[in-house]
Every structure is written in C-alpha cells, then in structure tokens.
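Asker: structure here, sequence nowhere to be found:
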C-alpha cells in the first residue's frame, strides 16, 4: 500500500471527505493485535501454512515491527504432502523476513507412513491436529498466531480474537472471555495456551485485495496454468509428484487449472480456470458459485457442526 | 433463486462491474470505508432474519450456501416452505438446537460504498454482557421492534445499554411491517412511545424506519408498500442507504487531541528507537510537540515510520511507530499526547461497571485493571448503586452480580493516565481481570477522577526507610504466616520472634486475634470484611517496615489475591510468605480454641476450611509441614531462610 493513507471516500452533508479505508482500518487492527501478543505473551509463534491468509498475516507482522524483524519464529506443521511450490515459497519467505522457520513433522505419522491415499481422515488428524499439539508442546509456545477468518465458517464467526485452549488444546465455546473494545486479556492459567487470530475480521475479498495492493508474494498455484491432473470423485487433483498412485491405464491430463485454497495436494481440488493475474483471480472468485471451504473435505465430516467439533478436539 | 424466495430484487450493480471491468471494481472496493454496527432484539423480532436478508441482498451468500439454506429451511426452518434467513447466522450447534442466539457472532458484507461488520447480539437479559461486548466496537446500533408488539421492556434495556456504551447513532427499525398491513398509524404510535422514552435516558436523536426483514421492505429499496414513508416527516431512506452514509467513529475521533498509548518499544539497534501503538484520537505530523505521560517529559516527533516509507501525517485508527528528537523515557503503558493538551493522571475514580463473571464483585479485593496498554492493580469499593436495566431505577447494592450494571469508586495502586469515557473510549474504557482465574470479570467506563486523589500528595520525608533500617543495622521484612485456624501459626510465629530478638533484631509480631481487639474491631468475618482486615494489617506492616522493623504476622489470610495484594505493597524481596501447612483433619483434631466444633455445629459462620475456602499459597517462600516438623525446627528453618536471604 502506498504511504498515502486515508483514501477512503465518505460523504458528509453531501460533501465527499476522505478518511481511512476499510483495509487501512483492518490492517491497523491486525497490527495492534500482533503487537499486543508480543508485549504480553512469553513465547509467541506464528503458524505459517503458506496459503494466502498466512501470506497476509506474515506481511502484517513485518509491518508491525518494521524496521525490526518480527520477534518470533514461523512454525510450519508439515504433512510432507504439500505442493512442491508451497515448500519453495515457504523457504523463500522465511529468508526474506529474517525470521526463524521451524518445520515440524509428527514422528508417529512419519514412522507409520500416514498418507492421504491410504488413511483417509486419519491423515489430517495425525499430521495436522496431533502434529500441531505436539509442536506447540515441544517448544513451549504459549501464544500461536493463526490466519483463520470469521467469514470462513459459522463456528469461527463466534470465536474470539484471543482464543484460549486447555492444556490438552481443547476449545470450550461456551466459556470464552468477553472481548471489549480493543482490550485483550492475554493472562492465562497454568497449562493454557492462546490461539490468536489477527485477521479475524477480514473477508476473502479483503485478503485478495490486500495481496494485490501490497504485491505480497503468493504460491503460483493460485494462478491458472497448464498442470497435469486426474479426476477423482468429481475432484480435479494435480499429480504433483510420483507418489500419486495412478489407476491402471490412468494418464494425467494437462488442464488449465488453479487452486482456491492450498493444502495437501492429494486432498485439494483444482478448478478449471484461465485466470492468470490477480485481478482475474479476484474476478473469478467473486463470480464463482461455491464458497471457499467447499474445496476441502473437512467441514462435511460431522454434519453442519464439523468444524466446531474439530476445534473442540484441538484443530486450529 | 427459487420460487419460494421473496420478490424484492437486490439493487446492486456490483456484479456487472465485476464481470465487465474488474479493475474499476477493485478501485471502488479499495476506497470503501468501514462501519461496524450491532443489531439488538430477541429472536422474535426477526433480528437474524434481517441480517440474513442483508447478506442475501448484498450477494454475500454463495450458491452452495443457498442450496444448504433451502434444504435446511424445509427441515428445521420456522418459515414453512419459505427461506428462513435466520438459519444463515445462528452458528454454534447448541444454538441451532435450542433455536436461540447465545453469543456474539460477527458477519460481514459489502455494498458499493462500505464494508460492514455486524455484531449479532443476543437479546435476553441473561446475555447483557454479550450485548455490551458486541456494542463496545460499534459505530451504530439497529434496535429492532416487532411492529405488532411496540416498545417493550427489552427495547428499553437494549437502548439503555447502547447509550451506556456510547453509541451515538441509533436506528429504530420497526420490523414485521408486513404483518400490520404497513400501517402508518402503528408506526407513528411506536415512534412516539420511543421518543418519549429515549429522551428520558438522554438519547438525543435516532432514526426510525418501517421495515420488513422477511419481505425486504425498505432494506435496499424504498418500498411501494409504505408510500407515506417520505422526508421531511420521516427519514425517508432505506436501511442500507443510512448505513452507507452515517458518520463512523474513527472520523469523530480524528478531530480530538492526539493520544497514542504505547504498546511496544521498537529498538533493533542503538541508532533506532521507535514507539509503536494504535492512535486512539487526533493526528500527528513530524515536528509536532509531544508530551509523554505519566512522566510529563516533552519532545518533538522526528519521524512516523512504516514499512512502506515514512508518513507525513497519521490519524486516529492507524497503527504506527513514531520516533522522537530527544531520548526521553517512554515504554509500554506510556501515553504519547499533544504537548499542550495532555490527559490527566489519577489513582481514584468513579466508574460505571458491567459485571461479566458468575462470581460477584468483591469490594476491597485486588483485581488487575487494564486500560489501553496500562495494567495496574485496583480495588473496587462497594457500589453506590446498581441500575435496573429494565426500568432504569437506581437500587442500593452491596456487590455487583453477573450482568449487573452499577456505579462504584475504584482505587488503583499506581497513577493511571486517563480521560473520561465520554471523551475517549480508549483512555476511559477498561477491563477488570480476576487475579486467581485470569478471567475478564468486568468492563468499566471512567466517569471522572476523584478530587482527593489529586489533592493528597506524598510528603517527602528527610529520614527515609533506608536510614531507619541502617540505624537498626538490618534489612526490614515481613514474615507473612498463613494457614488454617489451629495450624500452629501463632505458636511458631512467637518462637520466631524470640529467636530474632535474641539475635538483636528489631521485630514486631502482629497477631490476628490481637489486632481484632483494637485496630480492626469494627470488622466481622464476611469475605469483604476479611479482605479489609488483611488490607489494614498489610498497611500497618508496611509502615513498620518503613520504620526499619522485621514484622511477623499471623493471620489465616485464606485468599491468595489478598496475600498478593500485601506482597505488591512492599518492595521486591521484603515479603516472605510462610505457609504453615497443616491438613484440615489434623487442625480440626487439635481444635485448640474449640472453634471447629462450633463451626461444624453451625454456631460459627464463614469459618475457613468448613464453609469458607482456604486457598493454599502456590509458591510460598517457606512451607512448614507441621506433621513432620516440630515448632522449634520450623522456627529455625524460617529464621535461616529470612537471614540467609537478607
């Protein structure tokens, strides 16, 4: 964003006046949240999943502390099944930001060779949910930034910006602290940790627009390109490496596709698209007919309340 | 869309712009401003339906959500075969089952001019705290009334709470007009009733509109069903038009004097020292003269630093890092202000509280007090009154229960930089945090500081505590004994004093029973009185350490928070918590004074260990297990710890 702040247009008594834009206010709110955590937590960490929301969150952290680098490490809870392009961007961004990058692999999942092809929901459960708990416990982080947004899903719409987890990382939606004005109570009891969501009040469109205005690097998979794909259960999957088990006679087809969300490549459906630039991606996003999380299987697990149940169990 | 949806078409042309000229659309979106508002009303008023309608009309609902909505509407909806918009916004599983909105939920939608954040708040009286939470960040409140029912008790409660939290823009949305045949008379009657009530609680103006969230009347387009709804007699605009044009809070704040509460000091190397925070009010430019509170030191702003380059000006609502021309003291909790019009500091206030915890307020107990980036310890006096939120009557009260609203005085242990809440939400709004559970127990708004705190100053004395101590050739300390009645506190304390006395130390023993014969004979054994008992003993012990003495106290002092209060009064390292750890059954078996027997038979109320809790110290300096140690051994260990440490 250019240093020319205050380009919002409001009308007052029929006259146009300039004021902060909604993105400027959201940015200021997020930076305020990130600084509060650094001032009050003992050992914060930023969960970095390499997606577009993480990209925005990392950029906000860099803004919050400039000219210092953000005074906490990045943590990637890895499944070994992410797209190759994600690993490339992850390493590049860690270097550019001057932050330490911690990569965690659940050793049990590693040993058992848990993978999305053979183990179904267990894959997410062990690599991500369990892996995250293990990583936070191992390093003793007491506050973890996450890039979740309230517009993503119903149970997130009610979650606090500072969201407390029990020592077993459970979430109790009935027992959340009231959050007034921009005053955050970061005091925690023994064993508790905090998940902090600095971009809670951003929408998907806000995230895209902010990336556009700030030229924030994102994984090229968000843009359309000819990629080798196969169709499985109505989903277009990209064959990102030779671990992808092809059916007999199955040949990956080159299709012009892009991804709306990024996760493990065998679980993330691509959409056919010609959108090669950010404005085109945003255009397509706005005109599209399915909501963002539709590409992922996780919300459908337990009827309408899938995510809420997952979160109570410790999913981020 | 299906046949069962209603007929009012959304008027937005954004879709066309998105497909025809995405760059123009993005440019428009980039310049949107933001409005936060809350909706108040109960389920019956159609609150969720209205929000669902706003999301729907602004095309914030995707096709897959719409399909789910249509099938859910038929299964669990309350609108027969028609779309039940309320299902879009009732989130948590429990809420869906019970069909009520419990917590605050935040929703988002855009129009051509603005982005909106809606806090959807529950309406029942038992959720007063949730509503106050949602209202605390709002620029505007939409108060819903069911046209068939008119102004109800809950309408008054919601209006009062919105006014209390300082929302100046109030929309009275008279909903379900379709069910009263869009009657102008019905609308006029409701508005007249509300006008009378609003004036009585100090609401100066509001905007009334006849709407139907369900049918879509006067939401995005003026409805043909209410042709009488026209200026100048009525506002004559749609709800969305109003939301798009009303003035936002940050614009109001920008015109006030400059205030920046410091969150964090940015010091990457010796050449750079910046102070980071969110500007609460006013604006700042390089070259501006500033003053840092509470120290009062002045300097000038040299730079306003951001990742995108230095700024020529920054305004309320922006997160910035500022540098000064001079090296002056400034840290987290400081407030940077315009030099010629700084905020005041004080340590005693009158404030209005909203109590948010199941456990009622305990007058005299120490809580954490967080205001802006300042965190201090504070005690609250007995309330002057509470407010009946349904009738606005003032009632006498000894405490504040969950959801109670009341006015009380508050004393902080350090000076706090503040302004009245009416002048500045950031420097006048605070939360109280329970020191034991760390829960946020109350929200408060400062009304004014009390004169006495400004007029009673510390008198500087020539002979200070160090000189008193030097003459006695010792370092002062407080040995604070705590434990159940009959645990052996007095016995061991007595032995400790004898030992110290023999070693030529100047000591004084304050015993619980003895103090209650004199200094504290006006106090009983309620929780509040016990806290006051400990506070007074703490103050006396502190004066004695100022005089250079080693003070030994023997009180049950059952509450951790109260012991921490005394610890906080003393310099670091002078407070020794001595936990006389005797299990209840052992102490009860001894029952030296026959008190346990009386308590068990009900003759003695609030007896620690029986019908009043004992909170054991978490990290005492000394722990004495009387089941394994003789009183003599215990006394030796305590003296060794004290002298080894000082």
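Answerer: Now that the structure is in, tell me what you want to look at. Note that the structure is a prediction, hence the values are computed from the model and not measured.

Asker: I figured residue B:129 hits residue A:178, correct?
Answerer: Yes: between residue B:129 and residue A:178 a contact is recorded at 5.8 Å, counting by Cβ atoms under 8 Å. Yep, even glycine has a C-beta here, placed from its N, CA and C like the rest.

Asker: between those two, which contacts overlap?
Answerer: B:356, B:443 (Cβ atoms under 8 Å, 6 or more residues apart in numbering or on different chains).

Asker: what's the neighbour count on the residue lying closest to residue B:253 once chain neighbours are set aside?
Answerer: Excluding the flanking residues, the one nearest residue B:253 by Cβ to Cβ, 6 or more residues apart in numbering or on different chains is residue B:316, at 4.0 Å. Other residues near residue B:316 number 26, with proximity taken as other Cβ atoms under 10 Å in any protein chain shown.

Asker: same check on residue A:47?
Answerer: As a measure of burial, residue A:47 has 22 neighbours, counting by other Cβ under 10 Å.

Asker: does residue B:543 fall in a helix, a strand, or a coil region?
Answerer: Here residue B:543 is recorded as helix under DSSP: H, G, I helix; E, B strand; the rest coil.

Asker: how near is the residue nearest to residue B:253 to residue A:91?
Answerer: To residue A:91, residue B:316 is 40 Å away according to Cβ to Cβ, to the nearest Å.

Asker: and what of residue A:84?
Answerer: 11 Å.

Asker: the more surrounded of these two?
Answerer: Set residue A:84 next to residue A:91 and count neighbours by other Cβ under 10 Å: residue A:91 wins out with 14 against 10.

Asker: now the more buried one: which helix or strand?
Answerer: Secondary structure from DSSP states H and E places residue A:91 in helix A:84-97.

Asker: quick check: buried residues in that helix?
Answerer: Buried residues in helix A:84-97, counted by 16 or more other Cβ atoms under 10 Å in any protein chain shown: A:85, A:86, A:87, A:89, A:90, A:93, A:94, A:97.

Asker: and residue B:113, what pLDDT?
Answerer: Confidence at residue B:113, expressed as pLDDT, is 87.

Asker: pretty sure it contacts residue B:32?
Answerer: Yes: at 6.2 Å, residue B:113 counts as touching residue B:32 under the criterion of Cβ under 8 Å.

Asker: those two: who's more crowded?
Answerer: Neighbour totals were compared for residue B:113 and residue B:32, and residue B:32 leads with 23 against 19 (other Cβ under 10 Å).

Asker: quick one, what contacts that one?
Answerer: Residue B:32 sits in contact with A:8, A:21, A:22, B:110, B:112, B:113, B:114, B:115, where contact means Cβ under 8 Å, 6+ apart.

Asker: of these, which belong to helices?
Answerer: Counting by DSSP state H, the part of the contacts of residue B:32 found in helices is residue A:22.

Asker: now render the contacts of residue B:32 as a markdown table, adding distance to residue B:267.
Answerer: Output for the contacts of residue B:32, formatted as a markdown table (distance: Cβ to Cβ, whole Å):
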| residue | distance to residue B:267 |
| --- | --- |
| A:8 | 33 |
| A:21 | 31 |
| A:22 | 32 |
| B:110 | 40 |
| B:112 | 44 |
| B:113 | 42 |
| B:114 | 39 |
| B:115 | 35 |
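
Asker: between the contacts of residue B:32, which is nearest residue B:541?
Answerer: residue A:22 (55.4 Å; Cβ to Cβ).

Asker: OK, contacts around that closest one?
Answerer: Per Cβ under 8 Å, 6+ apart, neighbours of residue A:22: A:8, A:206, B:32, B:33, B:34, B:114, B:115.

Asker: point out the least confident one among the residues you listed.
Answerer: residue A:8 (69).

Asker: phi, psi of the closest residue to residue A:278 other than its chain neighbours?
Answerer: Nearest residue to residue A:278 in three dimensions, chain neighbours excluded: residue A:212, at 4.8 Å (Cβ to Cβ, 6+ apart). Note on residue A:212: backbone dihedrals following degrees, to the nearest 10 are phi -60, psi -50.

Asker: what pLDDT is listed against residue A:212?
Answerer: 93.
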